[in-house]
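In: Pasted the sequence and its predicted model underneath.
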Amino acid sequence: MESSLYSPFHGVFRSNDLIVNIDPLGIFAGGRARVTIVHDLYFATMPALYSRFDIAKAWLVYRLVLNRSTRIVAISESTGNDIKRHFPHLARRVRVILSDTAMDAAPDPATLAQWTNQRFVLAVANASPNKNLETLGHAFCRVAGAEPGLLLVHVGSDPANRLAAVMAEHGLSDRLVRQRGISDPALAALYRSALCLVTPSLYEGFCLPLLEAQRYGCPVIFADAPGTAEIGGIGGLRFDPRDVAALARLLERVIHKPSLRLVMRARGHRNATRFSWERSALEYETVFAEALSEIGRG
């Protein structure tokens with residue numbers, strides 16, 4: 001098995017037994033068998049995020065690549081179900097192999113010292129529309145008025161200032177702390193120090209911050225929505241991502257009940273054991289073998 005490529009220098013596709021596309025935007029020709037990994041179907045599940053041109057282009061590329069794939073790997077059950085719903089003729093080719101986090105950094109001591117005595121709610125996400133950070137902002141502000149010193153720490157970009165605008169609307173701009181481009185050890189320290197992580201996303205293909213937080217012992221509150229509900233599992237508290245009041249009530253419970261946070265940490269650790277790169281590697285090996293076996297039958 002060789003890696004897949006098109007050589008612009010020779011102008012021909014090299015002959016390969018198996019080509020693996022790490023996403024559907026890879027090449028669509030060459031190779032005797034092909035495995036394509038699909039992370040999400042945002043263009044199909046949340047088309048309002050894209051222009052008509054981008055949606056049309058995505059449908060064209062996905063149809064072309066997936067139709068020519070011997071096996072299609074989805075990184076979550078949610079993504080697998082999306083593929084089967086939008087490409088029903090390919091359902092038999094779909095295999096679900098859960099991803100995992102590669103984050104394994106020890107918490108940075110200086111960051112731990114900075115945040116250990118602070119009370120804060122954590123959000124880790126770039127503020128795209130599907131991340132739904134406005135709901136978190138409104139819920140946080142409902143709670144923060146009665147909680148002097150409580151902060152909302154946002155790790156990620158927010159070019160449209162979505163979260164900042166919500167905080168300003170409630171007169172609580174000073175409670176928002178923005179962190180961008182921080183190291184894994186610094187992020188690990190935030191997970192260890194936070195009262196909880198909140199993930200209010202409307203849709204995710206997977207959700208690495210949820211899993212990372214559980215591994216580092218951070219209680220998690222997550223949307224009962226595709227991707228987040230599956231990954232969060234039994235390891236946290238769920239809420240309707242459109243329901244600001246419901247999230248505010250959960251925040252109050254987590255903030256005021258240390259015993260609940262202890263239970264959530266334990267459940268998070270247990271839930272995180274469902275994910276393992278070692279198991280995933282064995283499952284990929286099986287999928288590659290299935291794809292190669294198609295060559296002999298073809």
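Out: Yep, it's here.

In: which residue sits closest to Arg267, ignoring its sequence neighbours?
Out: In space, and not counting its chain neighbours, Arg267 is closest to Gly235: 4.8 Å by CB to CB, 6 or more residues apart in numbering. All C-beta atoms are positioned from the backbone trio N, CA, C, and that covers glycine.

In: Next up, the contacts around that neighbour.
Out: By CB atoms under 8 Å, 6 or more residues apart in numbering, the contact list for Gly235 reads Leu210, Gln214, Val220, Met264, Arg267, Gly268, His269, Arg270, Asn271, Ala272.

In: what about 6 Å?
Out: Applying CB atoms under 6 Å, 6 or more residues apart in numbering to Gly235 gives the contacts Gln214, Arg267, Gly268, Asn271.

In: do Gln118 as well
Out: With contact set as CB under 6 Å, 6+ apart, Gln118 has no partners.

In: do you know how far it is from Pro129?
Out: Using CB to CB, to the nearest Å, Gln118 is found at 29 Å from Pro129.

In: picking up where we left off before, which members of the contacts of Gly235 are positioned in helices?
Out: Under the assignment DSSP state H, those contribute Gln214, Arg267, Gly268, Asn271 to helices.

In: Geometric centre of this structure: which residue is closest?
Out: With distances taken as CA atoms, centre = their mean, the chain has Cys207 as the residue nearest its mean C-alpha position (2.1 Å).

In: Val153 belongs to a strand?
Out: Yes. Assessed with DSSP: H, G, I helix; E, B strand; the rest coil, Val153 lies in a strand.

In: Would you mind listing the buried residues in the longest helix seen in the chain?
Out: When the chain is parsed with DSSP H, its longest helix is helix 277-297. Within helix 277-297, the residues that count as buried by 16 or more other CB atoms under 10 Å are Ser280, Glu283, Tyr284, Val287, Phe288, Ala291, Leu292.

In: again with stretch 74-90
Out: 74-76, 78-84, 86-87, 90.

In: Give me the distance between it and the centre of its chain.
Out: 16 Å (CA atoms, centre = their mean, to the nearest Å).

In: and for it, what are the contacting residues?
Out: Residues from elsewhere that reach stretch 74-90 (CB under 6 Å, 6+ apart): 38-41, 44, 66, 91, 94, 96, 99, 205-206, 226-227, 230.

In: show me where the stretch 51-200 of the chain has strands.
Out: Ranges of strands in the stretch 51-200 of the chain, per DSSP state E, counting those that start in this stretch, are 71-74, 94-96, 120-124, 151-155, 176-179, 196-199.

In: Check the ones in helices among the contacts of Gly235 and tell me the two furthest apart.
Out: Gln214 and Arg267 (8.4 Å; CB to CB).

In: who's more crowded, these two?
Out: More crowded of Gln214 and Arg267, by other CB atoms under 10 Å: Gln214, with 29 against 19.

In: how about the helices in the stretch 101-250 of the chain?
Out: Using DSSP state H, counting those that start in this stretch, the helices of the stretch 101-250 of the chain run over residues 109-115, 133-144, 162-169, 184-193, 208-215, 228-232, 244-256.
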